[in-house]
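Colleague: Just the structure for this:
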Amino acid sequence: MWDERYSEEIYVYGTEPNDFLASQCDKLVPNSRILCLAEGEGRNSVHLAKLGHSVLGVDSSSVGLEKARKLADSNGVCIETQVVDLKDFDVGEEKWDVIVSIFAHLPPPLRRNVHEKVVKGLKKGGVIILEAYTPEQLKYKTGGPPVAEMMMTLEGLMSELDGIDFEFGRELERDVVEGKYHTGKAYTVQVFGRKPK
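Modeller: Next up is the predicted model:
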């Protein structure tokens, strides 16, 4: 499915970073080592690389990541990319300064497993930045999966990301303008969390 979606000539989610991610970047340590989950066409990885960070973007779509590399080239930056199935991907232990998860919607058992790996994978003092659609989004039909179980809530994330201090977390209605498939009023959950030192 994702190779087919990303095979369109345009960048289907745009080339600008996610608004919430961009708003949090001034909180990041310079030259951070960053992992971007479900990175798609690279808009978030490229933004972070332009800020001087070292970025690995992972995704199941080789087509999306090829576009990510082209976007990086056109912006004069380098990013690493890796085609992975998140169920098999080794995040590592205390390896990352930052892990980014923007609209990375997964089936619940896999999502819980990935979030457990995220907690282990962050260095002490490391940060997770996450935005996802909540089940309320089904009323809006402006993006995201068509089933509530693949969406997230703040309460659920606080449980799944056990071991992370939530410095900021909220659910809100907001305008999302991110290319062809994420545009319009939406209901999301946003998290900026830190692993204690």
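
Colleague: SS state for the residue nearest to residue 150 when sequence neighbours are not counted?
Modeller: With sequence-adjacent residues excluded and distances taken as C-beta to C-beta, 6 or more residues apart in numbering, residue 150 is closest to residue 105, at 4.6 Å. Backbone N, C-alpha and C define where each C-beta goes, glycine included. In three-state terms, and counting by DSSP: H, G, I helix; E, B strand; the rest coil, residue 105 is coil.

Colleague: How confident is the prediction for residue 105, by pLDDT?
Modeller: At residue 105 the predicted local confidence, pLDDT, stands at 97.

Colleague: Backbone torsions only: list them for it.
Modeller: Residue 105 adopts backbone torsions of phi -90, psi 130, taken as degrees, to the nearest 10.

Colleague: same question, residue 106
Modeller: According to degrees, to the nearest 10, the main-chain angles of residue 106 amount to phi -130, psi 160.

Colleague: burial measure for it, as a count.
Modeller: Number of residues near residue 106 (other C-beta atoms under 10 Å) recorded here: 20.

Colleague: How much space separates it from residue 17?
Modeller: Taken as C-beta to C-beta, to the nearest Å, the spacing of residue 106 relative to residue 17 amounts to 21 Å.

Colleague: hang on, the earlier thing: would you check that the residue nearest to residue 150 makes contact with residue 132?
Modeller: Yes. Checked against C-beta atoms under 8 Å, the pair residue 105 and residue 132 is within contact range at 6.4 Å.

Colleague: overlap in contacts of these two?
Modeller: 151-152 (C-beta atoms under 8 Å, 6 or more residues apart in numbering).

Colleague: Compare the two and say which is more crowded by neighbours.
Modeller: The residue with more neighbours, out of residue 105 and residue 132 and counting by other C-beta under 10 Å, is residue 132; that gives 24 against 17.

Colleague: Counting by contacts, list what the helix or strand hosting the more buried one packs against.
Modeller: Using DSSP states H and E, residue 132 sits in strand 122-133. Using 3 or more C-beta pairs under 8 Å, 6 or more residues apart in numbering; DSSP states H and E, the elements in contact with strand 122-133 are helix 19-24, strand 96-102, strand 182-194.

Colleague: what helices or strands is the shortest one leaning on?
Modeller: Yep, that's helix 19-24 we're talking about. Helix 19-24 sits against helix 43-50, strand 96-102, strand 122-133, strand 182-194, with contacts defined as 3+ C-beta pairs under 8 Å, 6+ apart.

Colleague: Residue 112 against residue 157, yeah?
Modeller: No. Taking contacts as C-beta under 8 Å, residue 112 lies outside contact range of residue 157: 10.5 Å.

Colleague: Looking at those two, which is more packed in?
Modeller: residue 157 (24 against 15).

Colleague: From residue 104, how far off is that one?
Modeller: Applying C-beta to C-beta, one obtains 12 Å for the distance of residue 157 from residue 104.

Colleague: Which neighbours do those two have in common?
Modeller: When contacts are counted by C-beta under 8 Å, 6+ apart, the set common to residue 157 and residue 104 consists of residue 130.

Colleague: Right, I'll call it a day here.
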